[in-house]
Each structure stands twice: as structure tokens, then as C-alpha cells.
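Student: heads up, no residue letters with this:
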């Protein structure tokens, strides 16, 4: 008996290994090899056993290379929170955006952008709060975004996903 057989069997029990697949492979190999079978140097049982042993050895070889461990449970889903690197990148982008807002836009334009884009406040409500017409709010928002876009494209600043 092979002294390493228990170790091999243990590896197979951990691997994704299907005995029926090995039997099927051995049966196909025997069917293909029947045309070349000659009775002069052995029995048919030895012929079949040799093919089966080769297929079993192949299965052990494949199982030895397979480092995955099947599991009955799915891994827990990510909680969706950002890790330290993502948090640092977000903070850096937010600081860049704050700098651009302060440098390029008036206080009123910044307020319009924050209410409209971050607060998702309707144009009519923003207009009422700032004592402006809805059309003026839309124009101010458009101009502010155009200024930011032009500067970002000119500088190549990455402020996406703030």
C-alpha cells in the first residue's frame, strides 16, 4: 500500500472532486482504447484496471493542484463602507472641490449648487429662499457648473466622486 495514500485521500476530500466524473473519464478512455486492445500480453481485466488507475492518478494530480476549498455557506457581503484609502481619497477630493468653489464662485453660486446638487432641493424652493426667479436660479447654477468644468478640465484636477 502507498504510504502517502491517506494524505492523498485527505487532499481529495478537501477538493472539489467528483468520483462520478472520474468513472466517466475512465469509461470514455476504455471505449476509445478498445480498438487497440490485443489479448496477447494480458487479460482484459488488467487492461481495464490500467486505464482506471491512470484516470484516478490524473484526478489526484488535478486535486493536488486545486487550492480552493468548497464551502456550504456564502461569504458575508461587503458592508459597503469605504476603507481607509477610499476615505482619504474622498477627503482629498472634497478639499480640492472646496478650494475650487471658494476660488471661482460667489457665495450665492456655492449655495445654489449645494442646495440643488447636494440637497436635491427643487428650483422653485431655492428661488423662494434666495429671493430669485426660478429661471435666474437655473442660469446661476449653469454658469457656476460651467466655471467649475472649465477649470477642472484646464487643470486636470480629479474631483470626481466627492
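Tutor: Received the coordinates, thanks. The model shown is predicted, which means the values in this text are computed figures rather than measured ones.

Student: what ranges do the helices span in the protein?
Tutor: Taking DSSP state H, the helices of the chain run over residues 5-14, 19-33, 44-65, 84-104, 107-113, 123-130, 134-155.

Student: Low-confidence bits of this protein, can you list those?
Tutor: 1-17, 40-41, 157-162 (pLDDT under 70).

Student: Residue nearest the middle of it, spatially speaking?
Tutor: Central residue of the chain (CA atoms, centre = their mean): residue 78, 11.2 Å from the mean position.

Student: now stretch 34-44, how far from the centre of its chain.
Tutor: From the chain centre to the centre of stretch 34-44 is a distance of 53 Å (CA atoms, centre = their mean, to the nearest Å).

Student: End to end on that stretch, go ahead and measure it.
Tutor: End-to-end span of stretch 34-44 (CA to CA, to the nearest Å): 10 Å.

Student: can you list the residues that contact it?
Tutor: If you take CB atoms under 8 Å, 6 or more residues apart in numbering as the criterion, stretch 34-44 is touched by residue 47. Just so you know, the C-beta spots here come from the backbone N, C-alpha and C atoms, and that holds for glycine as well.

Student: Setting the sequence-adjacent residues aside, check what's closest to residue 124.
Tutor: Sequence neighbours aside, residue 134 is the residue nearest to residue 124 in space, at 5.6 Å (criterion: CB to CB, 6 or more residues apart in numbering).

Student: With residue 58 instead?
Tutor: residue 25 (7.5 Å).

Student: Hmm, residue 56 and that neighbour touching each other?
Tutor: No - Residue 25 is beyond contact range of residue 56, at 9.4 Å (criterion: CB atoms under 8 Å).
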